[in-house]
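Enquirer: Please find the sequence and the predicted model below.
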Amino acid sequence: GENVEQHPSTLSVQEGDSAVIKCTYSDSASNYFPWYKQELGKRPQLIIDIRSNVGEKKDQRIAVTLNKTAKHFSLHITETQPEDSAVYFCAPKSGGSYIPTFGRGTSLIVHP
Amino acid sequence: DAGVTQSPTHLIKTRGQQVTLRCSPKSGHDTVSWYQQALGQGPQFIFQYYEEEERQRGNFPDRFSGHQFPNYSSELNVNALLLGDSALYLCASSPWGTRETQYFGPGTRLLVL
């Protein structure tokens, strides 16, 4: 099965700073790379995703970059706000599997 | 347009009991996946249903079983509950043709005493 690692496990930043979370995966056949945000007591919500034929995707303050050769992809959040505080999960999916493998999560804390 | 719904929201059971959790997918979705999320962990895949059949299964014992109905709703059953089954159980739905994007329900928080 897919081995997925996220770093760091906890990230503390000041409001307005940038935050970067990295996800490393093992299956070279992975072809879909989403990031989910989960606020305390709530459901995971898809915030951005990228497919293997694209290297970067941006949506306002959020971006995802993919390095298929090195088998990692990263979530970038610019101009962080307190409401960005949550746990973020990567969940790469292999083309041979219908099921994503979730990382252990990164707790992002944005201090006002 | 209703999103993914789950019931009940919370549940308390004792060891050895059985539990049934329910999920209604987002309108237009025909595929339902179930996940277990322990405190401080990422969601762990239990199984996925499409066309009323189990299509994929994660590393969970046979005590975990499921069902999908003709209207695409789904149930998760857990028998002989253990303390370690205490977790948030999440249901996610997606359209079969575009499996990548899953939409999660609010979850059912199960506590086993």
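Expert: Here it is on my side, so go on. All values derive from a computational prediction rather than experimental measurement. Numbering: from 1, shown residues only, chains lettered A, B, ... in the order given.
Enquirer: list the contacts for the residue nearest the centre of chain B?
Expert: Centroid-nearest residue in chain B, with Cα atoms, centre = their mean: residue B:34, separated by 3.2 Å. Listed by Cβ atoms under 8 Å, 6 or more residues apart in numbering or on different chains, the contact set of residue B:34 reads B:23, B:45-48, B:66, B:74, B:76, B:89-92. C-beta: built from backbone N, CA, C; applies to glycine.
Enquirer: quick one: which of the residues you listed is most hemmed in?
Expert: The most crowded member of those, judged by other Cβ atoms under 10 Å in any protein chain shown, is residue B:91 (29 neighbours).
Enquirer: picking that back up, let me know the closest of the contacts of residue B:34 to chain A.
Expert: Nearest to chain A out of those is residue B:45 (Cβ to the nearest Cβ; 4.9 Å).
Enquirer: Chain neighbours aside, what residue packs nearest to the closest one?
Expert: residue B:58 (4.0 Å; Cβ to Cβ, 6 or more residues apart in numbering or on different chains).
Enquirer: correct me, but the one you found touches residue B:66?
Expert: No. Look at residue B:58 against residue B:66 with Cβ atoms under 8 Å: they stay out of range, at 11.6 Å.
Enquirer: helix or strand for the residue nearest to the centre of chain B, which one?
Expert: Using DSSP states H and E, residue B:34 sits in strand B:31-37.
Enquirer: partner residues bridging the closest residue to residue B:46 other than its chain neighbours?
Expert: Distance criterion Cβ to Cβ, 6+ apart; nearest residue to residue B:46, sequence neighbours excluded, is residue B:34 at 4.3 Å. For residue B:34, the beta-bridge partners are residue B:47, residue B:91 (DSSP bridges).
Enquirer: helices and strands around the helix or strand of chain A with the lowest mean pLDDT, which ones?
Expert: Lowest by mean pLDDT, DSSP states H and E among the helices and strands of chain A is strand A:93-94, with a mean of 84. Counting contacts by 3 or more Cβ pairs under 8 Å, 6 or more residues apart in numbering or on different chains; DSSP states H and E, strand A:93-94 packs against strand A:30-38.
Enquirer: I'd like the mean pLDDT over stretch A:33-50, please.
Expert: Mean pLDDT, computed over stretch A:33-50, is 94.
Enquirer: what distance separates that stretch from the middle of the whole chain?
Expert: Taking Cα atoms, centre = their mean, to the nearest Å, the mean C-alpha location of stretch A:33-50 is offset from the chain mean by 8 Å.
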